[in-house]
Every structure is written in structure tokens, then in C-alpha cells.
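In: okay, sequence plus prediction incoming.
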Amino acid sequence: MEFLNRTQEIAQLSEAWAGIGDRRSFIALYGRRRCGKSTLLRRMIREQDVYFMASESSTAMQLQQLAHALAKNFPAFDAVSYANYDQLFEVLESRISEPFTLVIDEFPYLIQQDAGLASILQRVLDDPAKRKFNLVLCGSSQQMMHDAILSGTAPLYGRADEILHIKPLDAGWLSEVLPSASADAVIMEYAVWGGVPRYWETRERYKSLRETVLRTLLQTTGLFYDEPRRLLLDDLRDLTQPISLLSVIANGVHRPSEIGARLSRKASELQRPLQRLVALGYIRREVPLFASIRASKLVHYTISDPFLRFYYRFILTNASMIGAGASEGVWQLIEAGLSQHTSQVWEQLCMHAVRKGMLGKDLVYVGRWWGKSSNGKPMEIDILATNSAKDRWIVVECKWSLSAKPDTIRTDTANKVRMLPFYKGEPVESFVAARGLKGKIEEGVINPEDVLGWLRD
């Protein structure tokens, strides 16, 4: 698979890589694994730079491996045994004659064995005489990167010249991987794989979605069968509660009280573990547009990543069938539920496209709305948006499988806005977002092609 997007990240890295005047740069990259952090760094490395991939080994082994990597630039650097990182960096500083960049990938593996390394690097970075090289630290453990670099109490806090959070790619780029697929098919594939480049790279090797799922997820030896567990282990030790929460939410339970009831726990007891999953980016905490963030009775939790939602809805739920070798039976269950699963992802993609300006760059408030209408009855709106003056309202109804006429849906949706408790008679523009519709955005119709076109940044 060709290297896609990351234009902004490359621009930021290139500027920092060159240094700032006579001063060398400190760069931090973090984000969940398989999103292309290492690939991005390897594209940036020059002949004079040193790339070191840390491993899960003892400090003594890590020192030896780092010294071996540095021997590329500094002959016989690994001929010496270093007692600690202080000694290694002291020798390194004495041997530098020309600026270069040291990239330490999977940095959390090092501080997991020697927590004092962050403080040693702090002293190196704070001493202009010692800061003779660019330093790049990269890690998949978001929690450990936060504790070492991003937290206000972290030894390296405030010292980075660039901090890049490498996130999954937007859905629009998947069209490059599946060039012969229709927009509908691309969105359905995205609903399975999300935006992780490594999953796309694997998908590209197979002829169909069915074959890829059967080979990588519907057998216990499949490449991605244990993928979510590996992801969670980067940041969490005990996986019982996180997996239970993700499974319940993926299967349609969103309110804290309902999640607690499903797990036989009080909702208050789940607040901290839910917040932890939110902080790591695995789930999203939502309240209706314009509601107070503290409106706990209105809170909904949803899984942020399509792949994780797919996995906990279809794979883990049917683990016994997969273990028994009934992969074809599980695929039939997936086929039966895939359209409904995709409809939830479709709504989020439409939301993202509206936030990026698909229906106007002036829309600064964009979100879902649910609650009681002005007549006291419960009501939901898929996408509600307005400008800073709140003198123009945009409303979108998202339908993956369309059964009613678009004009009828648009009229009904516009009437919903007029039932909002805070609506004061401003103009309303209504849209319907669905597959299989003919029409343009200007006519109130949003197609998958429109959404994918906007989701390429």
C-alpha cells in the first residue's frame, strides 16, 4: 500500500527536524499502534540520523541495543558496556561533531524498565551545551507517553518543540486502497476496518471483504483475532472491566445506568473506568448539542473506532462459534447485521464531514441532539448545526438504508428543529444523507461520494 496523506505531519516534522536556529529540536509522537508512526518516522530519517526500535527487554539489554544502533554513526560505540543511560549519553555528547537526529521508537519500553530515563533526558535537553542532536521519542502506550511527556508533572513536560498525535486516517483515503470499489462499498469497508493503515494494507492483499474477515478475524490464529487485546495492553493491565464495557457499549447499551445494570454494577462505580477509556480515545462521551457537559442523565457512551465496534459486536460475541470452527456461520451473522452496523458509522462520517465544512464553513456548533421536544415528547436529531449567531439552522437525517422519500424525510426533519426547546423561528435548511439517492447537496441530498470527498485531509 502506498503511503497516504500525513502531509501536515510531514511538514511539521520537517521543520522541527531542521532544528530551530542553532538549537536542536525535541519531538514527541504518540498514538495507538498500527497507525503508521514508525513508517512516518522512517520516511523522515536522513543518512546521518539514527533510528532505534526499543524492545521489551532488561535495561542492560536496552543499553546494549541502543549503543549498537549509535555505532552506525559512531564507530565502536557499542564496544563499551554502559552502566546506565547517564553514562551512555555523556559518551555520546563527547563524540558528536555534526548535528543528527536520534529517533527512539517505542520509548515506553525503555521507561518501563528504567523510570529515571525521562529525568536523564530532561537534563540533556535543559543543557544547551549537551543538546547537540535532535531527539524524537515515539510510543504506542498513550498512558506512558502522557506520564513521561504530556502530563503537567512529567519530567519532559513543556520541552517538546513538536507534539504529534498520530490518529487513524479519514475514510476518504480508503478509496485509494480500493480504487474499483463504489463509495457505498468503501464506507461499508470502513465500518469494518476504521482508519488504521495496517488494516487497510492487509485488506488490500485479499480479493474481498468476506475473505479478509474470514482469514484475519474468524479464526483463532487470524492476524487480527487478538488485536483489541493487544491494543488495550499498551495502556491497561487488567482488561476484564475494559473489555466488558466495550462489549456492552458495542452491542447497543449507551446510557451509564443501563451499562451498570448490564454489568450488575452501580453507574457511579463505572465512572472512572469509563473516563479512562475516553481519555485513551477508545470510547466517546456524548451529550446533546448545547447541553451542559455535566448533564449526567443525558450522557451517552459510544465506541469511537469502527474496527473496535465491529470486533466487540461480531467477533467477541461469537468467539465460541469461531473457536469451534464455525467461521462461515459467523460470517452469515455479520452479513445480516452489517448494514445496521454501517448505519451508525455512516452517521459519524456525515457528522465529521459537516464539521469539516461540507454544508458551510460557518457552522461552528455541530452535534447530535436528543431529549424532550417543546411538547414534552422524546425526540432525536442525527445532526444539528448552526453558526455562531445561531440565526441559521442546519439539520441532517442520516439513513443508510432508505425506505421513505427524501422530500418527506427532509420535511419531517425540519419540523423536528421547530420543536426544539431553544428554537426561536430562525431559517431551517434540511438535508437527507443516504445511499442510492440522486441529487446534489444544493438540492438537500447528501451522497456517500460527497461525504468521502470531504473526508480527505
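Out: Yes, it's here.

In: for residue 175, which non-adjacent residue is spatially closest?
Out: Excluding the flanking residues, the one nearest residue 175 by CB to CB, 6 or more residues apart in numbering is residue 186, at 5.3 Å. (Glycine included, C-beta is placed from N, CA and C.)

In: from memory residue 289 sits against residue 371, does it?
Out: No: in this structure residue 289 lies outside contact range of residue 371 using CB atoms under 8 Å: 10.0 Å.

In: got any residues that touch both of these two?
Out: Here residue 289 and residue 371 have no joint contacts, going by CB atoms under 8 Å, 6 or more residues apart in numbering.

In: distance of the residue nearest to residue 175 from residue 449?
Out: In this view, residue 186 and residue 449 are 10 Å apart by CB to CB, to the nearest Å.

In: quick one, which of those two is more surrounded?
Out: Per other CB atoms under 10 Å, whichever of residue 186 and residue 449 has more neighbours is residue 186, with 22 against 13.

In: what's the distance between that one and residue 176?
Out: Distance from residue 186 to residue 176, by CB to CB: 10 Å.

In: got any ranges where the stretch 1-150 of the chain has weak pLDDT?
Out: Residues of the stretch 1-150 of the chain meeting the criterion pLDDT under 70: 1-4, 20-22.

In: which residue ranges form the helices in it?
Out: Ranges of helices in the stretch 1-150 of the chain, per DSSP state H, counting those that start in this stretch, are 7-17, 37-44, 59-70, 85-95, 108-113, 117-126, 142-145.

In: likewise for the stretch 251-400 of the chain?
Out: Taking DSSP H, counting those that start in this stretch to define them, one finds helices in the stretch 251-400 of the chain at 256-262, 271-279, 306-310, 319-323, 327-355.

In: tabulate those (CSV), appending mean neighbour count, mean pLDDT and distance to residue 119.
Out: Shown next, in CSV, are these (neighbours: other CB atoms under 10 Å; pLDDT from 0 to 100; distance: least, CB to CB, whole Å):
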stretch, mean neighbour count, mean pLDDT, distance to residue 119
helix 256-262, 17, 96, 39
helix 271-279, 15, 94, 24
helix 306-310, 23, 97, 35
helix 319-323, 13, 97, 44
helix 327-355, 18, 97, 40
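
In: dump those to a markdown table, plus distance to residue 285.
Out: Below are the helices of the stretch 251-400 of the chain laid out as a markdown table (distance: least, CB to CB, whole Å):
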| stretch | distance to residue 285 |
| --- | --- |
| helix 256-262 | 10 |
| helix 271-279 | 5 |
| helix 306-310 | 15 |
| helix 319-323 | 28 |
| helix 327-355 | 14 |
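
In: out of those helices, which is closest to residue 427?
Out: Nearest to residue 427, of all the helices of the stretch 251-400 of the chain, is helix 327-355, at 17.1 Å by CB to CB.

In: what helices or strands is the closest one leaning on?
Out: Using 3 or more CB pairs under 8 Å, 6 or more residues apart in numbering; DSSP states H and E as the contact test, the elements touching helix 327-355 are helix 183-193, helix 209-216, helix 306-310, helix 319-323, strand 365-372, strand 378-386, strand 393-399, helix 448-454.

In: got TSV for those, with distance to residue 77 too?
Out: Formatted as TSV, the helices and strands packed on helix 327-355 follow (distance: least, CB to CB, whole Å):
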stretch	distance to residue 77
helix 183-193	42
helix 209-216	41
helix 306-310	41
helix 319-323	49
strand 365-372	53
strand 378-386	57
strand 393-399	58
helix 448-454	49
